[in-house]
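Undergrad: Quick one: sequence plus predicted model below, questions after.
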Amino acid sequence: MTRAETRSHSVVADAPKLLEALAVPFGTYYGVATCRPVPGARTLTDVIPDLLCALGKTEVLARPGRPSLELTQLWMRAHELARLFVTGADALPVGVWAELCQLGDQVGCDMVFVSAEPPRWLAQLPGSLHLGGPTHLESHPDWRQVQPPVGAALPDAEFPALPAACAQLLEADHATRAQAIYDDALAAAFDALPSNRLLTWADAEHAFRCALARTPDLDAVPLAIHAVRAAGLLRGYHLGFRRDCGVAFDDLLTADRLAQLRRLVLPDQAVAGVLAGMPGTSWAFSVHGDGAWVHLDDTAHLVPVQARPLMRAWDKTEASSHRSRWAVAPPRPSDGRQRCLWRTPPPEALTVECEMIDCRAFRRIGDPPMDWTRPPRARRRR
């Protein structure tokens, strides 16, 4: 039995609690999207922009012409959609209901129509629909709402005083946002540092990138740097930074850039933005592990969870199967949004250093800057 043959399309009542639960950004729930068709849609072609918007592809509203059904199917498969809720379904013709059910069969997705009159549609589409029961929505374990930007310049404070300086010197709203970003980045960096082996500079750089993915914009990078250093202390390491070379600020996949990439309609544009957030000197790459890994310049890079569907969409396009995976030229930027995703010469870069803390000898924390030094022998504790 194929996946398409196991589809179970249903109609449910538009209960207020259900509508409230569905009024969340795409990605909040695991494998679930909510389509809100614009009134007046008469055919499935009319609903295609709404289907793409349900998957977070809001750039479709600003693009000329209508996207294809094949592109919609590509993104539904790339995001591994399991259930699509269609709200306000009573305004759609019965033919569109039937076409949406066929679309669900083709991509392996259950269609759930939210209606004020479920019995009416059960009678019009016998055998295609059944009355849905209580709806359970499972939260996506890797979904995180993008934190709003701080909205103010951060104080110039050395480690570890930045969070305290924000709380003392910024307005209450700005200080609250800064603390939320710092806490989010600290949790991400701590989880990224392995605890079952000795750390290396590569582990430290990976933790830095994980922390940066929680920052809403490049202005919040200092919060990520402080969070990474604090996470290193909790793991028993001193993580330092040198401002000479390494991770380029303009190449970082911050949270706002990831959210922006997910709004793009064309897979080529989206994958170009993902690659811009990874170190490398060329655009020769290959995708592995269902979008989880990218080999760029003969080096494997972990793709952030929210960017993996973008890599899968590009990998599954018909065009990519006819061209070399090792020599793919990125699309040329044609508007302001694409230009801000484009790789540019970095004005500043950081190199992450990793040093184990020797707890058997006395250590001193100096601020500023933070440093670990061995005191003179005469003063050493025995």
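TA: Ah, there it is. Numbering: from 1, shown residues only.
Undergrad: residues in contact with the residue positioned nearest the centre of the chain?
TA: Centroid-nearest residue in the chain: Gln306, 2.8 Å away (criterion: C-alpha atoms, centre = their mean). Taking C-beta atoms under 8 Å, 6 or more residues apart in numbering, we find Gln306 in contact with Gly27, Asp142, Trp143, Leu258, Arg262. All C-beta spots, glycine's among them, are computed from the backbone N, C-alpha and C.
Undergrad: residues in contact with the fourth one?
TA: Leu258 sits next to Val146, Ala213, Pro304, Gln306, Ala307 when contact means C-beta under 8 Å, 6+ apart.
Undergrad: Please apply the same query to the second one.
TA: Asp142 makes contact with Val305, Gln306, according to C-beta under 8 Å, 6+ apart.
Undergrad: go again using 6 Å as the cut-off
TA: Val305 (C-beta atoms under 6 Å, 6 or more residues apart in numbering).
Undergrad: show me where this structure has helices.
TA: Using DSSP state H, the helices found in the chain span residues 16-22, 44-54, 69-78, 94-107, 118-124, 162-169, 172-192, 201-212, 221-234, 255-262, 267-276, 308-316, 336-341.
Undergrad: and the second one, average pLDDT?
TA: Right, the one you point to is helix 44-54. Across helix 44-54, the average pLDDT comes to 94.
Undergrad: Which parts of it count as buried, going by neighbours?
TA: Neighbour-count burial for helix 44-54, with 16 or more other C-beta atoms under 10 Å as criterion, is recorded at Leu44, Val47, Ile48, Pro49, Asp50, Leu51, Leu52, Cys53, Ala54.
Undergrad: Using CSV, write out the CA atom coordinates for that helix.
TA: Provided in CSV are the C-alpha atoms of helix 44-54 (Å, rounded to 0.1, in the frame of the first residue of the first chain):
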residue,chain,number,x,y,z
LEU,A,44,-7.5,25.2,-7.4
THR,A,45,-5.2,27.5,-9.4
ASP,A,46,-6.8,30.4,-7.4
VAL,A,47,-5.8,28.7,-4.1
ILE,A,48,-2.2,28.1,-5.0
PRO,A,49,-0.9,31.4,-3.6
ASP,A,50,-2.7,30.7,-0.4
LEU,A,51,-1.2,27.2,-0.2
LEU,A,52,2.3,28.7,-0.6
CYS,A,53,1.5,31.3,2.1
ALA,A,54,0.4,28.5,4.4
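Undergrad: circling back to that earlier point, of all the helices of the chain, which one comes closest to His9?
TA: Shortest distance between His9 and the helices of the chain, using C-beta to C-beta, is found for helix 94-107: 4.8 Å.
Undergrad: thinking again about what came up before, Arg177 versus the residue nearest to the centre of the chain, what's the distance?
TA: From Gln306 across to Arg177, the span is 21 Å (C-beta to C-beta, to the nearest Å).
Undergrad: do Gly27 as well
TA: 21 Å.
Undergrad: How about Leu264?
TA: 26 Å.
Undergrad: now Thr58
TA: On the measure of C-beta to C-beta, Thr58 and Arg177 end up 24 Å apart.
Undergrad: Compare neighbour counts for the two and give me the winner.
TA: Arg177 (22 against 16; other C-beta atoms under 10 Å).
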